[in-house]
Structure formats: C-alpha cells, structure tokens
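Enquirer: after the sequence you'll find the predicted model.
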Amino acid sequence: MLRRLLVLAMEPRELARVEGVSLEELCVGFGEDLRLMEDVGWVFEAEGPVELTMAPQELARALRRLRDDARRAPGEAHREQEPEAERRERFRHGERTCEELLARLGTREG
C-alpha cells in the first residue's frame, strides 16, 4: 500500500498513463486506497480486528490493485536491505491475503 502512495511523486498524467487508466480513475483509486489505509490503520500490522467501512465494490477494486502490485513488486528495483527471499515471501503473503479477501467478497477476478 505504501508503494502505491509513494508513486504519487510522479506527475499524475504520466502515472495514469503508466497505470493504463484515466486521470479520473487514478484519482478515484487513490481515494479508495487512502480510505482502506484509514480503516486498517497506518501501521504495518493491525492490532486485532479492523472494521472496513468501504462499499464491497470499492473494497474489491482496492484489493485487486494491491494484489496486482504485490504480484509485480518483487521484480521491481528496490533499495531495501531486506533479503530477496524474505521480500518475495512478504509480497506472496500480501497477494494471498488479497485473494482470500476477494474470495470472501465473491469477486476474485476482474
């Protein structure tokens, strides 16, 4: 999720082009991402259950974006000191979590 927020440093029209969406879709997506972060909390690991306030279709879109980011992130350049195997497992865990939540919503694909 933090990766998605950090790319805001790019020029918005260029970022929309890179992401393959319109500028309006990009803005809506970031709004949904921020709302999910607000629900989950701005920490790396939640302390117990969280209450999600987003409509199911908004949540599903945000989870799909996160899942897709988790799929491609291990192959992207990074500056972290984290060992490669741990980095790949962390992103696989994120992808699996998004898949599980999408399945619970009844909307895995899309």
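Expert: On my side now, so go ahead.
Enquirer: only C-alpha atoms for contact and neighbour calcs from this point on.
Expert: Will do.
Enquirer: show me where the protein has helices.
Expert: Counting by DSSP state H, one finds helices in the chain at the ranges 2-6, 12-19, 23-40, 56-72, 84-105.
Enquirer: out of those, which is the most enclosed?
Expert: Comparing these by mean neighbour count (mean count of other C-alpha atoms under 10 Å), helix 56-72 comes out on top with a mean of 18.
Enquirer: state the distance from residue 70 to residue 96.
Expert: As judged by C-alpha to C-alpha, to the nearest Å, residue 70 and residue 96 stand 9 Å apart.
Enquirer: centroid-nearest residue for this protein?
Expert: residue 66 (2.4 Å; C-alpha atoms, centre = their mean).
Enquirer: that one and residue 98, how far apart?
Expert: Counting by C-alpha to C-alpha - residue 66 and residue 98 are separated by 7 Å.
Enquirer: and for residue 22?
Expert: 24 Å.
Enquirer: now swap in residue 20 and tell me
Expert: With distances taken as C-alpha to C-alpha, residue 20 is found 21 Å from residue 98.
Enquirer: repeat for residue 65
Expert: From residue 65 to residue 98 the distance is 9 Å (C-alpha to C-alpha).
Enquirer: again with residue 28
Expert: Distance from residue 28 to residue 98, by C-alpha to C-alpha: 19 Å.
Enquirer: show me where pLDDT drops low in the protein?
Expert: Confidence mapping of the chain against pLDDT under 70 gives the ranges 1-9, 42-46, 74-80, 82, 108-110.
Enquirer: my guess is residue 66 contacts residue 96. True?
Expert: No: applying C-alpha atoms under 8 Å, one finds residue 66 not in contact with residue 96, separated by 10.7 Å.
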